[in-house]
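Enquirer: requesting a structural model of the entry that follows:
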Amino acid sequence: MKNHLKKSHYHADMLSVEEARERIISKFYILNKEYSSILNSLGQVIAEDIYSKVTVPPLDNSAMDGFALKNEDIVSASETNIVYLNVVETIEAGRIPKRKILKGEASRIMTGAPIPEGATTVVPFEDTDENQQKKSNITKIGIKLKTERFENIRTAGEDIKSGEKILSKGDIVSSSVIGISASIGLDKIPVFRRPKIGVLSTGNELLSPGDKIEPGKIFDSNTYTISSLIKSYGGIPIIEKFSKDNVIEIESKIKNFENIDLIVTSAGVSKGDYDVVKEIMENKGEINFWSVNMRPAKPLAFGYVIIKNKQIPFMGLPGNPVSAMIALDKFARFAINKMMGKPFLDRPIIKAKLDSDIINYDDRRFYARVYVYRNSDDIICARPLKNQSSGVLTSMHYANGLGICPSSINKLYKDEIIDVEMFNWSENITEIINPKKDI
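Expert: Got it, this is the predicted structure:
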């Protein structure tokens, strides 16, 4: 263990990440229930218990293509003792059998087709002599294999029984949940609705992607990174085109967020001469301006604004793109989860060996962008990106996690084992790969 140089001072007016998060999520509640089409409900949360009104499968049916027959007729069947049975009909999936199976009889049957009365087993095609006959005119079939009673038969209700609770309030809608809902005939299901999140970037320097570049201007990336993150969390971004640092213009755009569950802005909440968002918010509601003990993303505003007598929660993010992304993930993501009825889940944290130092030059918790990989010795390693500036948005693409340096530590040393918060769990790190050398 390295001897870390401890910080000798701490800003008492700073909130920890956890304190800021708790203050924020305490102001949100689960949203109302809606009936959503099953395909559109992916990622939402079931709002009430769901009971099936049907049985799945509704009838005993064949688990494969073959012949339905009485198992006692073929107890002696083998490759050297072929048992021949009379074929009485062919049963396709979706068709009810017309004939009852009697001793010495069989029905040719397709996967999913109902089992005819009297049949107790299904013998697959490959265990018969069907390939030696013309399939369109089979009157007898040779059985080469003994099968057990109910072998290759799916019984009625083996998946779902009528009246059974199949989904519980609080379940998150996954692909399997959508499939289950469809299997019992539901085209809509009750879920907590997705929150609508108003998105507004501010800055005199901004241009829209597609505009002609101008001297001193930059393209607005925050609107797009923030909105796409909101969509990935399950929210619905409602976008206002960026505003210049002008009180009248910003106020007019904020008024359009009347039916929004949370307003998110980027820039305008620090201490610059043109940070007018804080001025507007203070006049239109109740806003707290916090310094959070983290880097990137120290400045954060949170409170509410009043639009047509409605109190609407407001979150002001820093303007630097990396700071905006990390602040959104640390705070807004949890607010969105709460409104949707989802559990609060931190990003997965793994242990990794540093392959170069991480310098923490101030007394904040440092989330260093790192590239995690497994080296040739099968050890999980973390390579800090060279440029940790909060304005370098490409670093969020090249990194796959954040190396966590506590606020009390000046430096994490090469070869130390550190905590890394992964953006997403990636199977790539379970393989031996070549780390990117120029990041």
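Enquirer: pick out the residue closest to the middle of this protein.
Expert: Centroid-nearest residue in the chain: Gly43, 6.3 Å away (criterion: C-alpha atoms, centre = their mean).
Enquirer: now for the closest residue in space to that residue that isn't next to it in sequence: which residues touch it?
Expert: The spatial neighbour of Gly43 that comes closest, neighbours along the chain excluded (C-beta to C-beta, 6 or more residues apart in numbering), is Gly234 at 4.7 Å. No exception for glycine: its C-beta is placed from N, CA and C like everyone else's. By C-beta atoms under 8 Å, 6 or more residues apart in numbering, Gly234 lies in contact with 43-44, 194, 336-337, 340, 342.
Enquirer: downstream of the lowest-mean-pLDDT helix or strand in the chain, the next helix or strand is which one?
Expert: Least confident helix or strand of the chain, by mean pLDDT, DSSP states H and E, is helix 276-284 with a mean of 74. Per DSSP states H and E, the first helix or strand lying C-terminal to helix 276-284 is strand 285-291.
Enquirer: show me what the helix or strand that that next one is followed by pairs with in its sheet, parallel or antiparallel.
Expert: Reading on from strand 285-291 to the C-terminus, the next helix or strand found by DSSP H and E is strand 294-295. Strand 294-295 sits in its sheet next to strand 365-374 (parallel), going by DSSP bridges.
Enquirer: helix/strand/coil for Lys255?
Expert: Judged by DSSP: H, G, I helix; E, B strand; the rest coil, the three-state class of Lys255 is helix.
Enquirer: over to the one 4 residues further on?
Expert: Per three-state DSSP, the local secondary structure of Asn259 is coil.
Enquirer: who touches the nearest residue to it once chain neighbours are set aside in this structure?
Expert: Once flanking residues are discounted, Asn259 sits nearest to Lys196: 6.9 Å by C-beta to C-beta, 6+ apart. By C-beta under 8 Å, 6+ apart, the contact list for Lys196 reads 235-236, 238, 259-262.
Enquirer: farthest pair in the residues you listed?
Expert: The largest separation in these, counting by C-beta to C-beta, is between Gly235 and Asn259 at 14.1 Å.
Enquirer: before we move on, the earlier item: how far away is the residue nearest to Asn259 from Asn32?
Expert: Using C-beta to C-beta, to the nearest Å, one obtains 12 Å as the distance from Lys196 to Asn32.
Enquirer: swap in Ala113?
Expert: Using C-beta to C-beta, Ala113 is found at 44 Å from Asn32.
Enquirer: do the same with Gly179
Expert: Taken as C-beta to C-beta, the span from Gly179 to Asn32 is 26 Å.
Enquirer: just Ser181 next, same as before
Expert: In this view, Ser181 and Asn32 are 20 Å apart by C-beta to C-beta.
Enquirer: so the two - more neighbours on which side?
Expert: Higher neighbour count among Ser181 and Asn32: Ser181, with 22 against 8, using other C-beta atoms under 10 Å.
Enquirer: pull the contacting residues for the more buried one.
Expert: 38, 50, 167, 189.
Enquirer: which SSE is immediately downstream of the strand or helix carrying it?
Expert: Under the criterion of DSSP H and E, Ser181 resides in helix 175-183. Counting by DSSP H and E, the element after helix 175-183 in chain order, helix or strand, is strand 188-192.
Enquirer: quick one: average pLDDT of that following strand?
Expert: Averaged over strand 188-192, pLDDT sits at 98.
Enquirer: in its sheet, which strands sit next to the helix or strand immediately after it in the chain, and in what direction?
Expert: Toward the C-terminus, strand 188-192 is succeeded by strand 196-201 as the next helix or strand (DSSP H and E). If you go by DSSP bridges, strand 196-201 pairs up with strand 236-239 (parallel), strand 262-266 (parallel).
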